[in-house]
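In: Sequence and predicted structure below; questions after.
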Amino acid sequence: MPRLHVRLTRLPALSPPGTLFLTGDHRRWSSDPAGWTFDAAGTLDADLPDGTLLMLKVRHVAPDGRVTEEGDAWGGRAPAHKVTVQGDTDVTLDIAGWQDDRQGRSRPARSFSPTGELTLAAPWGEQTVRLWEPAGASGVLPLLILHDGQNVFDEAPSFAGDTWDAARAAQGLAQAGHALRIAALPVNDERSRRYVPFPFEMNAFAPGADGYLDWLRDILRPALAAQWGDTPPAQTALAGSSFGGLITLYAGLRDPDAYGTLGVFSPAIWPSDFELLRWMENRAAPHARVWLDMGDHEAASLQGAADVVQLTHDLASRLQPKVREVRLHIGHGHWHDEAAWRARFPEFLRWWLGA
């Protein structure tokens, strides 16, 4: 079995005493250091099957048991390190900082921020809506509603310290004569309940997706119409990734006259033993255009990722007779993360707007 050799090349100055260990998706992000600690020289060896795909982070456990994860140089969350095991594999990790160790520092913004914000009442409490429009916008423009709004604009509220940089992509389209507006909906730890319409372990077998979609229809859309004018369904797109891709596709087939375009990025359709595939058998959205994509590194191994890509091709085939158009895109070298969705997002916008 191939040997993975991991070496730490740099640690932040004044790193506290304690034990450094490795975690990742292969360990379900466990904070138990047993079996995965670095030695005094900052190295770690592990035997892993050939073709394993790893997303890794270094964590630190203090003598009092407190665990801290590596971050960026400003104490923010850092994206995971990505590793493909192909034969004996050497990896060097440079740790820039520790998460939440900000010490008065603030990370320079890399991505464009939203231009406005709404707060609306919702069954789950107040819902923030993060808004973006190009400078000088007037009249009714194409409208994109995005799930996971905490991850699509600037890094400050993002989960993984990385974003889609959606406003930069939209600004580029606006400068090319294809202006649009964006309304993005941040979500909290109820994400699995709100975005997955079928009962499974992560939503405690109590899905809330239909209530969420009712709120989009009955509260959000009228509020956006009051703010920006009433965008017709043909010019309205809904998009999201992972579970956000699942709820996007479900919404388009559940409410076939509500959205003209669906951006289904890396959809996680596996809950309830792929119940979505059975649910959609007798449903259609004849006027909808569907962008469907997947990266070719979105699994625990290269073979598993190839299976996911084949499943995505199968989903596209099932959708084609139900909708107006399916655009299938496979991201080569793309993982299941914001960096991949940021890379594919501008092409989605161009396709949607006919740019």
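Out: Noted; the coordinates are in hand.
In: quick one: contacts of the worst-scoring helix or strand of the chain on mean pLDDT?
Out: The weakest-scoring helix or strand in the chain, judged by mean pLDDT, DSSP states H and E, is strand 97-98 (a mean of 92). In this structure, residues lying in contact with strand 97-98 by C-beta atoms under 8 Å, 6 or more residues apart in numbering are 12, 15, 60, 68, 69, 70, 71, 72, 73, 74, 75, 78. The way it works is simple: take the backbone N, C-alpha and C, and place the C-beta from them, glycine included.
In: and the first one, how far is that from residue 110?
Out: Look at residue 12 and residue 110: by C-beta to C-beta, to the nearest Å, they are 20 Å apart.
In: What's the separation between residue 251 and residue 35?
Out: 43 Å.
In: swap in residue 262?
Out: For residue 262, the distance to residue 35 - C-beta to C-beta - is 43 Å.
In: buried ones in the longest strand that the chain contains?
Out: In the chain, taking DSSP state E as the definition, the longest strand is strand 285-295. Neighbour counts over strand 285-295 (16 or more other C-beta atoms under 10 Å) mark 285, 287, 288, 289, 290, 291, 292, 293, 294, 295 as buried.
In: Now do that strand, average pLDDT.
Out: Mean pLDDT, strand 285-295: 98.
In: and whatever helix or strand comes next after it, which residues are buried?
Out: Downstream of strand 285-295, the next assigned helix or strand under DSSP states H and E is helix 302-319. For helix 302-319, a neighbour-count test (16+ other C-beta under 10 Å) marks 302, 305, 308, 309, 311, 312, 315, 316, 319 as buried.
In: cool, and stretch 183-195?
Out: So stretch 183-195, judged by 16+ other C-beta under 10 Å, has buried residues 183, 184, 185, 186, 187, 191, 192, 193, 194, 195.
In: returning to that earlier point: can you name every helix or strand that the longest strand of the chain contacts?
Out: If you count contacts as 3 or more C-beta pairs under 8 Å, 6 or more residues apart in numbering; DSSP states H and E, strand 285-295 packs onto helix 243-254, strand 261-265, helix 302-319, strand 323-331, helix 338-353.
In: Looking at the ones you listed, which is nearest to residue 222?
Out: Closest approach to residue 222 among the helices and strands packed on strand 285-295 (C-beta to C-beta): helix 243-254, 16.8 Å.
In: Please identify which of residue 12 and residue 110 sits among more neighbours.
Out: More crowded of residue 12 and residue 110, by other C-beta atoms under 10 Å: residue 12, with 15 against 12.
In: for the buried residues of strand 285-295, which one is nearest residue 88?
Out: Relative to residue 88, the closest of those is residue 295; by C-beta to C-beta it sits at 25.3 Å.
In: mind listing what the closest one touches?
Out: 266, 305, 330, 331, 333, 334, 335, 336, 340.
In: just to revisit the earlier point, buried ones only from the contacts of strand 97-98, please, as a ChimeraX command.
Out: To isolate the buried ones among those in ChimeraX, judged by 16+ other C-beta under 10 Å, type:
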select :60,68,69,70,71,72,74,75,78
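In: Which ones among the contacts of strand 97-98 map onto strands?
Out: Using DSSP E, the contacts of strand 97-98 in strands are 60, 68, 69, 70, 71.
In: Can you get me a residue count around residue 17?
Out: Neighbours around residue 17, by other C-beta under 10 Å: 7.
In: Could you look up the SS state of the closest residue in space to it that isn't next to it in sequence?
Out: Nearest residue to residue 17 in three dimensions, chain neighbours excluded: residue 63, at 6.7 Å (C-beta to C-beta, 6 or more residues apart in numbering). Look at residue 63: counting by DSSP: H, G, I helix; E, B strand; the rest coil, its state is coil.
In: Next, give phi and psi for residue 63.
Out: phi -60, psi -30 (degrees, to the nearest 10).
In: Residue 233 is in contact with residue 225, correct?
Out: No - here residue 225 does not reach residue 233: they are 11.9 Å apart, not a contact under C-beta atoms under 8 Å.
In: which residues does the closest residue to residue 332 other than its chain neighbours contact?
Out: Closest residue to residue 332 apart from its sequence neighbours, by C-beta to C-beta, 6+ apart: residue 296 at 5.7 Å. If you count contacts by C-beta under 8 Å, 6+ apart, residue 296 has them with 305, 306, 309, 330, 331, 332, 333, 334.
In: For residue 296, give its distance to residue 341.
Out: Distance from residue 296 to residue 341, by C-beta to C-beta: 14 Å.
In: Low-confidence stretches in the chain?
Out: 101-107, 159-160 (pLDDT under 70).
In: what about the helices in it?
Out: For the chain, the helices defined by DSSP state H cover 166-175, 191-195, 209-215, 221-228, 243-254, 271-279, 302-319, 338-353.
In: sorry, back to before: and the angle from the longest strand of the chain to helix 302-319?
Out: Using axes from the mean of the first three to the mean of the last three C-alpha atoms, to 10 degrees, the inter-axis angle of strand 285-295 relative to helix 302-319 is 170 degrees.
In: Tell me the strands beside strand 285-295, with direction?
Out: strand 261-265 (parallel), strand 323-331 (parallel) (DSSP bridges).
In: Please work out which of those strands is packed deepest.
Out: By mean neighbour count, with neighbours taken as mean count of other C-beta atoms under 10 Å, strand 261-265 ranks first of these at a mean of 29.
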